[in-house]
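Asker: would you be able to build a 3D model of this:
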Amino acid sequence: MIKKEPSHSPQTINFSSQGKNLTGYFYVPAGTGPFPCIVDNHGSQLPKGSADLSHPQTAAFFQALGYAYLFPHRAGYGESEGIPLYEEVSAQRGTSSHDDQLSERLERENQDVIAALDWLQDKDSIDSTRIAVMGSSLGGIHALLALSRDKRWKCGLDFSGGASQWKDHTKIRNILQQAAADLTKPVFLIQPENDFNTAPTKELAKILYLHDIPHRATIFPAWGVAGGEAHRFCANGQQIWGPEAKDFLEEFL
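Answerer: Okay, here's the model as predicted:
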């Protein structure tokens, strides 16, 4: 007898947000639903024509645990309509102008994250009471913001959110700190120790502790070469962070 495995090729879905047609990639595990679901938010590096459209490697990890997985493209990225990030955030990184431009863009983009959650609400294959938000880098910022702003999420995972912005971008740092203080749902903060900056995990964990918010925070040992490669820990390091993420989701999702 040949064992039937779940497909690791996604369904392409379309949803709307702020008048724009957006694209996402949706995977379901083997078995009979409804399934809990992970909504994974990409970082800033998802240009038009990208060869990294659907993150099947991350999807396969979550499918094996019995979770559905949605990888939506926010407006201006990948296969979605909209203005690319570099056109709206053109000021030099580290300047107050960049801080202003990116902060404004984040507020608009985060509505796209909520629109992806809206899309899942009436899907027969999904348990709408068990949806987690996740993201890495800029997507980690979005995961934390969305989790603080919509009570329908059950929990969240933030990989390296704000690692590139924490030191020099006061507005973004303040937005993240306020989001952490506003949380009512559990969150898991994750970074490797050789990421650009581990201060977000350390400082946000302090806020979560002071506000008695259920959370975990782990700075894993160095992953690959420091900087850019380490910053892709979420996309490529499932075998390292996976067991702790599994435990967190079993407890809170």
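Asker: list the buried ones in stretch 91-101?
Answerer: For stretch 91-101, a neighbour-count test (16 or more other C-beta atoms under 10 Å) marks 98-99, 101 as buried. Heads up, the C-betas are built off the backbone N, CA and C, glycines and all.
Asker: state the mean pLDDT of that stretch.
Answerer: The average pLDDT within stretch 91-101 is 94.
Asker: stretch 108-115 now?
Answerer: The pLDDT scores in stretch 108-115 average 98.
Asker: determine how far it lies from the middle of the whole chain.
Answerer: Here stretch 108-115 is found 12 Å from its chain centre; the criterion is C-alpha atoms, centre = their mean, to the nearest Å.
Asker: helix/strand/coil for Gln57?
Answerer: For Gln57, the assignment made with DSSP: H, G, I helix; E, B strand; the rest coil gives helix.
Asker: repeat that for Gly156.
Answerer: Using three-state DSSP, the structure places Gly156 in strand.
Asker: for the residue nearest to it when sequence neighbours are not counted, grab the count of nearby residues.
Answerer: Closest residue to Gly156 apart from its sequence neighbours, by C-beta to C-beta, 6 or more residues apart in numbering: Leu147 at 3.9 Å. A count of nearby residues for Leu147, using other C-beta atoms under 10 Å, gives 28.
Asker: so what's Leu147 up against?
Answerer: Listed by C-beta atoms under 8 Å, 6 or more residues apart in numbering, the contact set of Leu147 reads 133, 153, 155-156, 179, 183, 185, 187.
Asker: what residue lies at the spatial centre of the chain?
Answerer: Gly135 (1.4 Å; C-alpha atoms, centre = their mean).
Asker: helices or strands up against the helix or strand hosting that one?
Answerer: Assigned by DSSP states H and E, Gly135 belongs to strand 126-136. Where contact means 3 or more C-beta pairs under 8 Å, 6 or more residues apart in numbering; DSSP states H and E, strand 126-136 is packed against strand 35-41, helix 96-120, helix 138-149, strand 155-159, helix 233-236.
Asker: tell me the angle that strand makes with strand 35-41.
Answerer: Per axes from the mean of the first three to the mean of the last three C-alpha atoms, to 10 degrees, the angle that strand 126-136 makes with strand 35-41 is 30 degrees.
Asker: could I have strand 126-136 exported to PDB, CA atoms only?
Answerer: Backbone C-alpha positions of strand 126-136 (Å, rounded to 0.1, in the frame of the first residue of the first chain) are rendered in PDB as follows:
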ATOM      1  CA  ILE A 126      -9.700  25.800   9.100                       C
ATOM      2  CA  ASP A 127     -10.600  26.100  12.800                       C
ATOM      3  CA  SER A 128     -11.100  29.800  13.000                       C
ATOM      4  CA  THR A 129     -10.600  29.800  16.800                       C
ATOM      5  CA  ARG A 130      -7.100  28.300  16.500                       C
ATOM      6  CA  ILE A 131      -5.100  30.700  14.200                       C
ATOM      7  CA  ALA A 132      -1.500  31.800  15.000                       C
ATOM      8  CA  VAL A 133       0.300  34.700  13.500                       C
ATOM      9  CA  MET A 134       4.000  34.400  12.700                       C
ATOM     10  CA  GLY A 135       6.700  36.300  10.900                       C
ATOM     11  CA  SER A 136      10.400  37.000  10.500                       C
END
